[in-house]
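Student: okay, here's the prediction I keep looking at, along with the sequence it came from:
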Amino acid sequence: MMLTAHTTGLRHADRVAATVQESASAARSVVAASWRRSMMYHGLDPSIRRTPLRVEAPELHRARERNGRLLEIAEPTLERLFATAASAGCCVVLTDVEGLILTSNSAPGDEGDFDAWGLSAGAIWSEASEGTNGIGTCVAEKRPVIIHQDQHFRTQNTAMSCMGAPVFDHAGRMVAVLDVSSCRRDLTLSFAQVLGLVVTESARAVESDLFRTAYTGSKIVVAEGHGAGGVSLLAVDGDDLVVGATRQARKTLGLSEEALSLSPSLHEVLGAPAAVRNPHGTERSAIRRALARARGNVSAAARDLGVGRATMYRKMARYGIEA
């Protein structure tokens, strides 16, 4: 975040307050916008010291149960990320979409320190609770963020560096934040940025695994926009109809939930040549798309295809299609 001349040299709490008072600062900086939300919307004071809020063990258990599939699918990626980040004195955490830490992993000698900082399972790192931080601000912005040391809202957190990235499920909903945090003062912004890239790639790996698991048995197609912008995948069934799309694919290809509900063909979505299948494949796909457009109304679908209702039922029976 760029500092103005009159905020440089002020103590942290005063610098936060001065930046918040500059109405234009929020438009120039993610951090300034978050500071403004923290102070003006959530009513937080950067100078007040307190330990992060924690949920009781039963509530944490319920949260982990609700997110059991996510934790199971993410575990291999979390282990790989930890193997990279632990040597740099960092901990790896996965939170739910409310900023509640579901799981935290740190080197045995560092566990006590990270627990004291509130970076352990059960702690809540929402913006409403802790102000600007790598987890809560990631939730608010729905994009990867790096909050390096004195970019944090609370003075007590200015020794920390947090690199958070969102995880979206198969339907494009944000379901988690993957975060790597360090409490070492010698962690430079440049190194934090490198770690941030690793965290983002790891979050995308989890996202891909969530999508592939949700559409087991479907063909997974890499779509336009895959890469720097995010994970852009389509799930395609045996009739070459698109039955699922990641958030990035929806954004890049202009696919709304309504459009997906109409079972578009891969050819319609990508403008690519239709796959060569059995002689009846095209007709079967056309019937399924017509039924989808008609919301299951067989008579309306038959009119759409220009056939009689009885003919439509015969064709549906032939291909094993139900309304």
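Tutor: Here it is on my side, so go on.
Student: the longest helix along the chain: how far from the chain's middle?
Tutor: Scanning the chain for the helix with the most residues, using DSSP state H, yields helix 189-214. Put simply, helix 189-214 sits 10 Å off its chain's centre (CA atoms, centre = their mean, to the nearest Å).
Student: what does the very next helix or strand once past it contact?
Tutor: Per DSSP states H and E, the first helix or strand lying C-terminal to helix 189-214 is strand 219-222. With CB atoms under 8 Å, 6 or more residues apart in numbering as the test, strand 219-222 has contacts from Phe211, Arg212, Ser232, Leu233, Leu234, Ala235, Val236, Asp237, Leu266, Leu270. Using the backbone N, CA and C atoms, a C-beta is placed for each residue, glycine as well.
Student: okay, now the sheet partners of strand 219-222, with direction.
Tutor: Using DSSP bridges, strand 219-222 pairs in its sheet with strand 233-236 (antiparallel).
Student: so what touches the strand it pairs with?
Tutor: Around strand 233-236, the neighbours that count as contacts under CB under 8 Å, 6+ apart are 170, 208, 211-212, 214-215, 218-223, 226, 242-246, 249, 266, 269-270.
Student: now with 6 Å, please.
Tutor: 211, 215, 218-221, 223, 242-246, 249, 266 (CB atoms under 6 Å, 6 or more residues apart in numbering).
Student: give me the pLDDT value at Val167.
Tutor: Here, the pLDDT recorded for Val167 equals 97.
Student: cool, and Gly281?
Tutor: 54.
Student: what's the helix or strand for the residue nearest to the spatial centre of the chain?
Tutor: Closest residue to the average C-alpha location of the chain: Val167 at 2.4 Å, with CA atoms, centre = their mean. For Val167, the enclosing helix or strand under DSSP H and E is strand 161-168.
Student: partner strands of that strand and their direction?
Tutor: Taking DSSP bridges as the criterion, strand 161-168 forms sheet pairs with strand 145-148 (antiparallel), strand 174-182 (antiparallel).
Student: output the ones you listed as JSON lines; include the columns distance to Met163, mean pLDDT and mean neighbour count.
Tutor: Below are the strands paired with strand 161-168 laid out as JSON lines (distance: least, CB to CB, whole Å; pLDDT from 0 to 100; neighbours: other CB atoms under 10 Å):
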{"stretch": "strand 145-148", "distance to Met163": "5", "mean pLDDT": "97", "mean neighbour count": "26"}
{"stretch": "strand 174-182", "distance to Met163": "5", "mean pLDDT": "97", "mean neighbour count": "25"}
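Student: which one, of these, ends up nearest to Glu59?
Tutor: strand 174-182 (17.2 Å; CB to CB).
Student: tell me the domain ranges of this protein?
Tutor: Following automatic domain parsing, the chain resolves into domains at 31-213, 219-319.
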